[in-house]
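S.K.: below are the sequence and a predicted model; questions follow.
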Amino acid sequence: MKSIQSNIKKAKNYLDNNHCIAVPTETVYGLAGNAYSNDAIKKIFKLKKRPINNPLIVHYYNLDQLEKDCDLNDNFLKLYKKFSPGPITYILKLKKNSKISKFVTNNKKTLAVRFPKHNLFKILLKSLSYPLAAPSANLSSRLSSVKVSDVKDEFGKKIKFILDGGKSKIGVESTILSLLNRPSILRYGGLDVSKIEKVLNKKLLININTKIKISPGLFPLHYSPGIPLRINVKIPNKDEAYVLIKKRKVHFKNYYYLTKKRNLDKAAKNLYTILRKIKQDGFKKIAVEKIPNKGLGKTINDRLNRASKY
Ligand code: TXA
Ligand code: MG
């Protein structure tokens, strides 16, 4: 308990001084900075080597805090009650008098907001007088981090402090939902879209592959392990690591399993760890078998699809 308090204190101190630090969330680790501070936000973009036209998600502790920055609508309140805190990000209208740094949104009038569930992150947010902008803690276009060693892998000594919250429970990024006009999904993620549809009682527009790039993070080549990856592969080549959804009776040295028993939630949780491991094991190419396209399988397929554009 004592070390939790002292780590939170350290984290707060860095953030209060406009530094950025890595924080644990239930989806993936984030690279967090004061969302009201131009200096802090500029540091995040620099460290991630992220294009400035790719806006950040801002993380809040509660609705009172959010109301200062965004207009809230009925759909948002319905979904917030059911799914927040948790792996869902809402796109809302930014208030004119909001203090959000213009670098967070690239000067746009909308804001991506999320209420994280990880306990340490919640304690940290509660201790601050500002919300935290936090993209995933990885170099731009690479795999997200799900544990401290991944963050070190990405940034080495360039990162000042990592708040250790263990391995991320969900393991893939949040589902992004625009609530500006007709509700539409901008990114598949840790919350199954059909659950959102149930609450809103309607089918959602899926806007993830449109030519008009609403969300620059949706450009091709994202979530890449940094080596070529092929999808829907029935027979891998000898020099490829082969990723399978569940354990097989006959095992080869290049076989990697996402789960024991084809559980798609668990497969999503293990996905980035397995892709990182394959690279660390020295493979130069990856082949992945066809993954069922339902539930979080849709999220897995979305990430693999983008990674295959390498
Ligand atoms: O689970 C997550 O969402 C993690 C954790 C750390 O919260 N964060 C995360 O952030 O994945 P990032 O920056 O890697 O992805 C955020 C995505 C980007 O694709 C960005 O383009 C999109 O959100 N985005 C941000 N603001 C937006 C806006 N106003 N309108 C549309 N898309 C937006
Ligand atoms: Mg990211």
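M.R.: Looks like it arrived, so ask away. Ligands and ions are numbered 1, 2, ... in the order given.
S.K.: low-confidence ranges in the stretch 101-250 of the chain?
M.R.: Scanning the stretch 101-250 of the chain for pLDDT under 70 picks out the ranges 210-220.
S.K.: how about a cut-off of 80?
M.R.: For the stretch 101-250 of the chain, the stretches with pLDDT under 80 are 209-221.
S.K.: in the stretch 51-200 of the chain, which residue sits nearest ligand 1?
M.R.: Ranked by CB to the nearest ligand atom, the top residue of the stretch 51-200 of the chain for proximity to ligand 1 is residue 135, at 3.0 Å. Backbone N, C-alpha and C define where each C-beta goes, glycine included.
S.K.: who touches that residue in this structure?
M.R.: 30, 31, 44, 48, 50, 56, 57 (CB atoms under 8 Å, 6 or more residues apart in numbering).
S.K.: what kind of secondary structure is the residue nearest to the fourth one when sequence neighbours are not counted in?
M.R.: Same thing as residue 48. Spatial nearest neighbour of residue 48, excluding adjacent residues (CB to CB, 6 or more residues apart in numbering): residue 140 at 5.3 Å. With DSSP: H, G, I helix; E, B strand; the rest coil as the basis, residue 140 sits in coil.
S.K.: let me see the contact set for residue 140.
M.R.: Residue 140 sits next to 48, 49, 50, 51, 54 when contact means CB under 8 Å, 6+ apart.
S.K.: do residue 227 as well
M.R.: 279, 283, 284, 285, 286, 310.
S.K.: pLDDT score for the first one?
M.R.: Think residue 279. You'll see residue 279 listed with a pLDDT of 95.
S.K.: A helix includes it, no?
M.R.: Yes: counting by three-state DSSP, residue 279 is found in a helix.
S.K.: send the alpha carbons of stretch 266-273 over as PDB?
M.R.: The C-alpha coordinates for stretch 266-273 follow below in PDB (Å, rounded to 0.1, in the frame of the first residue of the first chain):
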ATOM      1  CA  LYS A 266      -8.300 -14.300 -24.300                       C
ATOM      2  CA  ALA A 267      -6.900 -14.300 -27.800                       C
ATOM      3  CA  ALA A 268      -7.300 -10.500 -27.900                       C
ATOM      4  CA  LYS A 269      -5.600 -10.200 -24.600                       C
ATOM      5  CA  ASN A 270      -2.600 -12.300 -25.800                       C
ATOM      6  CA  LEU A 271      -2.300 -10.900 -29.300                       C
ATOM      7  CA  TYR A 272       0.300  -8.100 -28.900                       C
ATOM      8  CA  THR A 273       2.400 -10.200 -26.400                       C
END
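S.K.: may I ask which of the contacts of residue 227 has the most neighbours?
M.R.: Neighbour tally across those (other CB atoms under 10 Å): the maximum, 27 neighbours, falls on residue 286.
S.K.: please name the nearest non-neighbouring residue to that residue.
M.R.: Going by CB to CB, 6+ apart, residue 286 has residue 229 as its nearest residue, at 4.3 Å.
S.K.: out of the contacts of residue 227, which sit inside strands?
M.R.: Applying DSSP state E to the contacts of residue 227, the entries found in strands are residue 286.
S.K.: can I get the contacts of residue 227 in JSON lines including distance to ligand 1?
M.R.: Converted to JSON lines, these look like this (distance: CB to the nearest ligand atom, whole Å):
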{"residue": "279", "distance to ligand 1": "20"}
{"residue": "283", "distance to ligand 1": "25"}
{"residue": "284", "distance to ligand 1": "26"}
{"residue": "285", "distance to ligand 1": "25"}
{"residue": "286", "distance to ligand 1": "21"}
{"residue": "310", "distance to ligand 1": "18"}
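S.K.: centre of this protein to the edge, which residue is at the far end?
M.R.: Farthest-out residue of the chain from its mean C-alpha position, per CA atoms, centre = their mean: residue 250, at 34.3 Å.
S.K.: any idea which element it lies in?
M.R.: Using DSSP states H and E, residue 250 sits within no helix or strand.
S.K.: from ligand 1, how far off is it?
M.R.: The gap separating residue 250 from ligand 1 is 37 Å, by CB to the nearest ligand atom, to the nearest Å.
S.K.: what about stretch 60-75, how long is it end to end?
M.R.: End-to-end distance of stretch 60-75 (CA to CA, to the nearest Å): 18 Å.
S.K.: mean confidence for stretch 62-76?
M.R.: On average, stretch 62-76 scores 97.
S.K.: who touches it?
M.R.: Stretch 62-76 is contacted from outside by 58, 60, 80, 90, 92-95, 98-100, 111, 113, 115, 131, 179, 183, 200, using CB under 8 Å, 6+ apart.
S.K.: list buried residues within those.
M.R.: Using 16 or more other CB atoms under 10 Å as the burial test, those include 58, 60, 80, 90, 92-94, 98, 100, 111, 113, 115, 131, 179, 183, 200 as buried.
S.K.: let's see which of those residues end up in helices.
M.R.: Assignment to helices by DSSP state H places the following of those there: 80, 200.
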